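In: Show me how the following folds:
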Amino acid sequence: QVQLVESGGGLVQAGGSLRLSCAASGGAFSNYIMGWFRQAPGKEREFVATTSMSGSITSYTDSVKGRFTISRDSAKNTVYLQMNSLKPEDTAVYYCAAARGRRYVTKRGAGEYDYWGQGTQVTVSS
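Out: Below you'll find the predicted structure:
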């Protein structure tokens, strides 16, 4: 059983930056595909970014390409989401998730993930 704990959310002005962290425990971190999702009020949870087990392959939803960067540190069992040039429409609860799978694969569907964190709120003011 993998436990995931997010941190780093908060209130930021438009154009600002935040770095989210997700610390994993209870499993072999390097054996999991990791992803970030977000859910705004009244909306469904949506995919943001994913990274393969080694971190060599990443994928992003179009709306965050060029602004967000996902990375992982196996020594710290942590996955990060660096968010730059934030916009009010980025406001949401951000969740990290872990998925079993093959080594050189990423996953974009929420249903493909096996473990979820509790979420961290990101609010971007205009």
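In: Helix or strand for the most centrally placed residue in the chain, just tell me which one.
Out: Residue closest to the average C-alpha location in the chain (CA atoms, centre = their mean): W36, at 2.2 Å. Element membership for W36 (DSSP states H and E) is strand 33-39.
In: list the helices and strands that strand packs on?
Out: Helices and strands touching strand 33-39, by 3 or more CB pairs under 8 Å, 6 or more residues apart in numbering; DSSP states H and E, are strand 18-25, strand 46-51, strand 68-73, strand 78-83, strand 92-99. Every C-beta, even on glycine, is put in place using the N, C-alpha and C of the backbone.
In: mind putting those strands in a markdown table, distance to Q3 and mean neighbour count included?
Out: Shown next, in a markdown table, are the helices and strands packed on strand 33-39 (distance: least, CB to CB, whole Å; neighbours: other CB atoms under 10 Å):
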| stretch | distance to Q3 | mean neighbour count |
| --- | --- | --- |
| strand 18-25 | 5 | 19 |
| strand 46-51 | 19 | 22 |
| strand 68-73 | 16 | 18 |
| strand 78-83 | 13 | 22 |
| strand 92-99 | 10 | 23 |
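In: can you redo these as CSV with distance to Y32 and mean pLDDT?
Out: Listed next are the helices and strands packed on strand 33-39 as CSV, based on distance: least, CB to CB, whole Å; pLDDT from 0 to 100:
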stretch, distance to Y32, mean pLDDT
strand 18-25, 7, 98
strand 46-51, 10, 98
strand 68-73, 9, 98
strand 78-83, 9, 98
strand 92-99, 4, 98
